[in-house]
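**Q** Sequence plus predicted model, see below.
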Amino acid sequence: MHPMGEHETHLQNDWLHSRWMTVMLWVVPWIIIIWTAHTTALLQMIGWAFGFTVMGLACWINARQCGRRHCFFTGPVFLLAALASLLYGFQILPLGHDGWGWIAGVAAGVCLMACCGFEAWFGKYFPPHASNS
């Protein structure tokens, strides 16, 4: 029996490799964000802050446990989008009339660039750190 290869270790620890986790941690939050974009300002603020927080934390944890390249970028961006949603919803962050569009556009743009750009060019996973043994 041989030790698990690097690729298998990444896949085993990658939440995006599981359909169930992908749907619950990324698809459902995007659905909430899209759905609440057409509701009241309060529901939009709550829905967007919640959705972006779920995705941001999921990306952050996924990046740490499996080294998924795009999660290192999308995690912080989604968490900043959650904060921006709260601040814009409370009228603290002056993003103008189309602030929601800016928040969604930056988050979606970074997500697409990281998923379709960085991973296509550099691979899905960062190489594991060398141990100090």
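**A** Alright, I've got the coordinates.
**Q** And for the closest residue to residue 13 other than its chain neighbours, the neighbour number?
**A** Nearest non-adjacent residue to residue 13, counting by CB to CB, 6 or more residues apart in numbering: residue 66, 3.8 Å away. All C-beta spots, glycine's among them, are computed from the backbone N, C-alpha and C. Residue 66: 22 surrounding residues under other CB atoms under 10 Å.
**Q** Torsion angles phi and psi at residue 66?
**A** Here is the backbone geometry of residue 66 (degrees, to the nearest 10): phi -130, psi -10.
**Q** Could I get the full set of strands for the chain?
**A** For the chain, no strands turn up when DSSP state E is the criterion.
**Q** Poorly predicted segments of it, please.
**A** 1-11, 128-133 (pLDDT under 70).
**Q** residues touching the closest residue to residue 79 other than its chain neighbours, list them.
**A** Among residues not flanking residue 79 along the chain, residue 56 sits closest, at 3.6 Å (CB to CB, 6+ apart). Going by CB atoms under 8 Å, 6 or more residues apart in numbering, residue 56 touches 74-82.
**Q** now residue 116: how far from residue 109?
**A** 11 Å (CB to CB, to the nearest Å).
**Q** which stretches of the chain form helices?
**A** 6-13, 19-22, 28-36, 41-66, 69-89, 99-112, 119-122 (DSSP state H).
**Q** Now do the third one: which elements does it pack against?
**A** Helix 28-36 is packed against helix 41-66, with contacts defined by 3 or more CB pairs under 8 Å, 6 or more residues apart in numbering; DSSP states H and E.
**Q** Give me the buried stretch members for the helix it packs on, please.
**A** Buried positions in helix 41-66, judged by neighbour count with 16 or more other CB atoms under 10 Å: 44-56, 58-60, 62-63, 66.
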